[in-house]
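> Could you work out the structure for the sequence below:
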Amino acid sequence: MDILSHTFSGLAVGAALMQFSKKGLKSKLTILLLSGFAGFLPDVDAISYWSGFDSTFGNWFNLDFSGVKIYHDKRWFSHHGLFHSLLMAFILCGVIFLVSYLFHLKKMKQIVWREEMLVYISVFVAFNAHLLEDMITPEFVWDGVAYLFPSDDYWGGTGEIWWWNNYDLFLIIFLTFVLNVLASVTFKMFSLKWKWTGVGVFCIGAFLFIYQLKTRPVNFQYKGYSEHHEVWQTNERLSKAIQLEILGNDLYEFMEKIDNEIPFWF
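Now for the predicted structure:
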């Protein structure tokens, strides 16, 4: 799935859970932004596909293989490897805890553990949302994601969605995030409690996401690099045809225009 959808999935998680923070705006924004970062983070391993990878990281670490090969391999540092695992979710939470501890220095008594746990829960859920979204993409060369790394088993690769241009799913994610943020601000203005209602909105968004996922008329499954080029154009056309049918001409053209203007695959 595309990086924009992953990031907004993390933001949507943060927007729902930040309502439980009893501290001020700074605490809520911390939860929101860290969750968005957690939703984005797993795809850091895709840097090996960057055109400048060989001349930078390749030279620095004296690698014997190209970034493109790393990207399409099943090494621990390849795409869908360690960074797409449950272990990395725990590592990220541990890093956040360490930074929080260093920030407070030795004033551990000043740390509000309820607030800290809220951050970790939100980050953990946001990170895992990314992994779940990648499990429903095609097997290709990875057979899913290394969810239980260092186990050699890969999870997912069901091919229920194409790699990108899933505009309907993105809109559900985006609107879930926006609705929770706007409602939170509105309820705050009138001194009303939002908390569990925000979680409810997130659950409705998740239900709509799953519904759209399960009602697609095409499965995009394929396996292996050689077949990749054969099915690429066909699946790309099928995916866009499905989006046109779901969204209608006007909304589809609007989303495609945004897609074409964004400088990365969406």
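
> Let me see the ranges of the helices in the stretch 101-250 of the chain.
With DSSP state H, counting those that start in this stretch as the criterion, the stretch 101-250 of the chain has helices at 113-135, 167-189, 195-214, 225-261.

> what does the second one contact?
By Cβ atoms under 8 Å, 6 or more residues apart in numbering, the residues outside helix 167-189 that reach it are 1-2, 4-5, 8-9, 11-12, 15-16, 18-19, 161, 193-194, 197-198, 201-202, 204-206, 208-209, 212-213, 243, 246-247, 251-252, 255-256, 259, 266. All C-beta atoms are positioned from the backbone trio N, CA, C, and that covers glycine.

> which of those are buried?
Listed as buried from the contacts of helix 167-189 are 1-2, 4-5, 8-9, 11-12, 15-16, 18-19, 161, 194, 197-198, 201-202, 205-206, 208-209, 212-213, 243, 246-247, 252, 255-256, 259, 266; burial here means 16 or more other Cβ atoms under 10 Å.

> Now the residue lying closest to residue 49 once chain neighbours are set aside: which helix or strand?
Excluding its sequence neighbours, the residue lying closest to residue 49 (Cβ to Cβ, 6 or more residues apart in numbering) is residue 71, at 4.4 Å. Applying DSSP states H and E as the criterion places residue 71 in helix 67-72.

> List the buried residues of that helix.
Of the residues in helix 67-72, those buried (16+ other Cβ under 10 Å) are 67, 70, 71, 72.

> go on, stretch 127-147?
For stretch 127-147, burial by neighbour count (16+ other Cβ under 10 Å) applies to 127-131, 133-147.
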